[in-house]
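# have a look at this prediction, sequence included:
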Amino acid sequence: MCLGFILRRRKHGVGLRAFIVIGAVAMWAVAMDQAHGIDVKLTMEEAKKALAAGREPMEKVNSSKEVKKILQQASVTTRIGADPEKDSCGASAILRTKRFWLESFGRKEATESNKQKQEILMPDEKIQKYLDMPNLEMEVQLCGDDEYFAEGVQVALQQGSKTIKPVDLSPAEKGRKNEGQGPAYRSRFTARFAYDSFDPNAKTKVKVFFPDGKLSEFEADFSKIK
C-alpha cells in the first residue's frame with residue numbers, strides 16, 4: 001500500500017470502600033480491554049496516538065542504520081510464528097493491523113516532514129479510512145525446496161472448533177534464494193481476514209495448505225498483538 005494521501009500542515013466508609021473497589025475494578029477492566037487483543041475499533045484520538053508513536057522515533061534518527069532498526073522492530077511487534085533471528089526459515093506471518101498501518105504512516109509523516117522542513121501530518125479524512133478498514137492483512141512467509149513450492153497454497157485460521165477463511169488471497173510470490181539455513185527458497189503471500197470473522201483476543205492456529213496435501217501450521221496469541 002502506498003502513501004496515497006494529500007499531506008497538509010496542522011497547528012499544534014464501607015460504602016466508600018465498596019465504591020472505590022468497584023471503581024478500581026472497572027478501571028482495571030477498561031485498561032485490560034485497551035491493552036490486549038488486536039484493536040478492531042479505534043477512536044480518532046487513539047489513531048492519532050498511533051501515528052505519533054510511529055512518527056516520534058523517526059524524528060530522532062541520525063542515520064540509515066537507525067532507520068533500518070526502527071523498521072525491523074516495527075515488524076517484530078506484529079509477527080507471529082517463528083522468530084527469524086532463531087529460525088531463519090520457520091513459517092511466520094506479519095499482521096498488518098489498523099495500528100500497524102497508522103504507525104507506518106506516522107513514520108512516513110516524519111520522513112516527509114524532514115524532507116520538506118515543515119510539519120506534515122495525515123488529514124483526518126484519510127485517518128478515518130484506516131479506522132474503517134474491514135480486514136486484517138496477514139503476510140505469510142515460508143520456505144520450500146523449489147521456486148514454485150508455494151504456488152496454489154491456501155490459508156485459514158483455526159480458533160477452537162471454528163475455521164476462518166480469508167476474504168481475499170493473493171498468489172504466492174515466486175521463490176527467492178534462501179541465504180540462511182534450511183530449504184533453498186523463500187516465498188510469501190498475503191491473505192485478508194474480515195475483522196468480524198474472528199476473535200481478536202483468542203489463541204489462534206494459522207494453517208497453510210499446499211496443493212500436494214502438505215500442511216504447515218503455527219500458533220499465535222492474538223491477545224498479544226495490537
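Received it, and whenever you're ready, just let me know what you need.
# what about Lys129, which SS state?
State at Lys129, reduced to three classes by DSSP: H, G, I helix; E, B strand; the rest coil: helix.
# quick check: the gap between it and Thr78.
According to C-beta to C-beta, to the nearest Å, Lys129 stands 20 Å off from Thr78. The C-beta positions use only the backbone N, C-alpha and C, and glycine is treated the same way.
# swap in Lys207?
With C-beta to C-beta as the criterion, Lys207 and Thr78 are 19 Å apart.
# neighbour count for the two, which is higher?
Thr78 (20 against 15; other C-beta atoms under 10 Å).
# I'd say Thr111 and Met58 touch.
Yes - here Thr111 reaches Met58: they are 6.3 Å apart, a contact under C-beta atoms under 8 Å.
# continuing past the helix or strand harbouring Lys205, what's the next helix or strand?
Using DSSP states H and E, Lys205 sits within strand 203-209. Per DSSP H and E, the first helix or strand lying C-terminal to strand 203-209 is strand 215-221.
# can you give me how far that next one is from the chain middle?
Put simply, strand 215-221 sits 16 Å off its chain's centre (C-alpha atoms, centre = their mean, to the nearest Å).
# then stretch 127-140?
Distance, centroid of stretch 127-140 to centroid of chain: 9 Å (C-alpha atoms, centre = their mean).
# what do you get for stretch 91-102?
With C-alpha atoms, centre = their mean as the basis, stretch 91-102 stands 1 Å off its chain's centre.
# who touches that stretch?
Stretch 91-102 is contacted by residues 1, 38-40, 42, 47, 50-51, 54, 74-75, 78-84, 127, 130-131, 133, 136-143, 206, 208, 216-218, 220, 225-226 when judged by C-beta atoms under 8 Å, 6 or more residues apart in numbering.
# buried subset of those residues as a PyMOL selection?
The buried subset of those, as determined by 16 or more other C-beta atoms under 10 Å, is captured in PyMOL by this line:
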select buried, resi 38+39+42+47+50+51+54+74+78+79+80+81+82+84+127+130+131+133+136+137+138+139+140+141+142+143+206+208+216+218+220+225+226
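# name the helix or strand of this protein that has the lowest mean pLDDT.
Every helix and strand of the chain was ranked by mean pLDDT, DSSP states H and E. The lowest is helix 14-35, at a mean of 40.
# now do the helices in the protein.
Assigned by DSSP state H, the chain shows helices spanning 14-35, 44-59, 64-77, 98-116, 124-131.
# nearest residue to Leu142 other than its sequence neighbours?
For Leu142, ignoring the flanking residues on the chain, the nearest one in space by C-beta to C-beta, 6 or more residues apart in numbering is Ala91 at 4.5 Å.
# any idea how far Glu119 is from Glu59?
Counting by C-beta to C-beta, the gap from Glu119 to Glu59 is 10 Å.
# anything in contact with each of those two?
Ser113.
# any low-confidence regions in this structure?
1-36 (pLDDT under 70).
# Pro134 against Phe193, yeah?
No - between Pro134 and Phe193 there is no contact under C-beta under 8 Å: 9.8 Å.
# more crowded one of those two?
Taking neighbours as other C-beta under 10 Å, Pro134 and Phe193 compare with Phe193 leading, 22 against 12.
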